[in-house]
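Prediction below, plus the sequence it came from.
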Amino acid sequence: MNEARYDTKLKLIEKAALEVFLERGFEHTTLEAVAERLGYTKQAIYYYYKSKEALVASFCFSILSKSKEDVGAICGSQKTPEEKIRDLIRYTLNGSSFERGFFTLHNGMKGILSRIQDPERVAEISRMISEIPAMIMDTIREGVESGCFRSGDPYTLSLIIAGMLNGIILTLDAQTGRGAIDPAANDIAAEIILKGISR
């Protein structure tokens, strides 16, 4: 099997595994359930992943890598701190990060990592878990130092923003079964959150 086809198959399996994981949680995610979702045999999945833990580690890594890339692009832009935070809020609320399972995984990551038997993969995932919030805190720090955000500890401000976003996403998911918010409401939420941290 050529490399491109192999990578495509891995992504297909990861996507199905994430769907099963989001529906059933870690304990009830099995290679059999993922195989069934795809119409494969368990042996077909086993060819790519030797255990549920390896498969979960793989999609955790993929999700965090993509989220880190997206957040890095937003935080590294030439926009003002306020524009960057607005873009981060929109990115989060438009469903892009939720569809990849970022928040669900992030909230349960400690338990997931304790089950992964690959120390190198655990270290990579742990590093990204700390790097993503660090980029956001740097943007908030930039806003505090430039005077557009209220003075205070950037870590505390970032926790407040994350808590508000998590609350919105969890409420939306509970009410609608989807993690996306319509664009008009997305803009309103962004303005409310930004107003709370702005001078």
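Thanks, I have it.

In terms of pLDDT, where does H106 sit?
Here, the pLDDT recorded for H106 equals 63.

ditto for P81
In this prediction P81 is given a pLDDT of 94.

tally of neighbours for it?
A total of 22 residues lie near P81 under the criterion other C-beta atoms under 10 Å. Backbone N, C-alpha and C define where each C-beta goes, glycine included.

In contact with the residue nearest to L31 when sequence neighbours are not counted, which residues?
The shortest distance from L31 to any non-neighbouring residue, by C-beta to C-beta, 6 or more residues apart in numbering, is to I45 (4.8 Å). With contacts taken as C-beta atoms under 8 Å, 6 or more residues apart in numbering, I45 has the following neighbours: I13, L31, V34, A35, L38, L55.

again, only using 7 Å
For I45, the contacting residues are I13, L31, V34, A35, taking C-beta atoms under 7 Å, 6 or more residues apart in numbering as the criterion.

How about R141?
Applying C-beta under 7 Å, 6+ apart to R141 gives the contacts P154.

before we move on, which element is the residue nearest to L31 in?
Using DSSP states H and E, I45 falls within helix 42-48.

Same question for that helix: list its buried residues.
Within helix 42-48, the residues that qualify as buried by neighbour count (16 or more other C-beta atoms under 10 Å) are I45, Y48.

How about stretch 11-22?
Within stretch 11-22, judged by 16+ other C-beta under 10 Å, the buried ones are I13, E14, K15, A16, A17, L18, V20, F21, L22.

what's the closest of the residues you listed to L157?
Closest approach to L157 among the buried residues of stretch 11-22 (C-beta to C-beta): L22, at 29.1 Å.

Check which element follows the lengthiest helix in the chain along the chain.
Determined from DSSP state H, the single longest helix within the chain is helix 119-146. Note on helix 119-146: by DSSP H and E, the next helix or strand toward the C-terminus is helix 154-176.

what distance separates that following helix from the centre of its chain?
Per C-alpha atoms, centre = their mean, to the nearest Å, the displacement of helix 154-176 from the mean C-alpha position of its chain is 13 Å.

quick one: the longest helix of the chain to helix 154-176, angle?
Note on geometry: by axes from the mean of the first three to the mean of the last three C-alpha atoms, to 10 degrees, helix 119-146 and helix 154-176 are set 110 degrees apart in direction.

what mean pLDDT does helix 119-146 have?
For helix 119-146, mean pLDDT is 89.

any idea which helix or strand of this structure has the worst average confidence?
Lowest by mean pLDDT, DSSP states H and E among the helices and strands of the chain is helix 96-99, with a mean of 52.
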